[in-house]
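K.L.:
Here is my input, please return the structure:
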Amino acid sequence: MVSKANKRFTILLILTLSFLLATPVWADEDWDVRLQKDIESHLFCQDDCGMIVSGCDNATAQYMREIIIEKLQEGYTKQEVLDHFVGIYGEQVLTAPPAKGFNLVAWVTPFVFVIGGGLTIYLVVDKWVFNKELDQKMDDEEIKKPKLDLSEYEDKLDDELKKYL
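P.N.:
The predicted model follows:
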């Protein structure tokens, strides 16, 4: 006699194995669609709407999608499809400039400004805090120092000045 726990385990095992065996088939069917969407997300629509091809529904975006599908069916790689569009429209078709040549400035500059701004803020705040601590220490030292009686030295200074003047 088979217990209920063994039946449940067997059913769960069969369902799990069925799901795992079917997953690669589903993944292969969607491979071209995922690659197409990935390429679309790297391209701007070229009718001055300013949208990415994957989010645009006008005629230009549809035309660009058709070209992407056609190139993928011909066996082009992602980079080759992107290079095809750069050859037609120039680098402004890409959503991100390639990290080479002068375009490297567009990649590096934001990080330089963020780091420089953070460092500046740190130094300014540190100086304010440090100066406040110095002022407080100086006030504490002035309070601790006894007041000197300088009248004795003032008399000697007056005598010396009278000799030479």
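
K.L.:
can we go C-alpha only for contacts and neighbour counts from here?
P.N.:
Noted.

K.L.:
list the helices and strands the helix or strand where residue 87 lies packs on?
P.N.:
Using DSSP states H and E, residue 87 sits in helix 78-89. Applying 3 or more Cα pairs under 8 Å, 6 or more residues apart in numbering; DSSP states H and E, we find helix 78-89 packed against helix 31-40, helix 59-73.

K.L.:
buried ones in that helix?
P.N.:
Across helix 78-89, burial judged by 16 or more other Cα atoms under 10 Å covers 78, 81, 82, 84, 85.

K.L.:
Give the next helix or strand downstream of it.
P.N.:
Scanning forward in sequence from helix 78-89 by DSSP H and E, the next helix or strand is helix 104-144.

K.L.:
Helix or strand next in line after that next one, which one?
P.N.:
helix 151-164.

K.L.:
which residues does the most centrally placed residue in the chain contact?
P.N.:
The residue lying closest to the centre of the chain (Cα atoms, centre = their mean) is residue 111, at 8.2 Å. Under the criterion of Cα atoms under 8 Å, 6 or more residues apart in numbering, residue 111 has no neighbours.

K.L.:
With residue 9 as the reference, measure out to it.
P.N.:
Distance, residue 111 to residue 9, using Cα to Cα, to the nearest Å: 54 Å.

K.L.:
With residue 107 instead?
P.N.:
54 Å.

K.L.:
And the two? Which one has more around it.
P.N.:
Ranked by neighbour count (other Cα atoms under 10 Å), residue 107 and residue 9 place residue 107 first, with 15 against 11.

K.L.:
So the more buried one is in contact with residue 100, correct?
P.N.:
No - with contact defined as Cα atoms under 8 Å, residue 107 does not reach residue 100; the gap is 9.2 Å.
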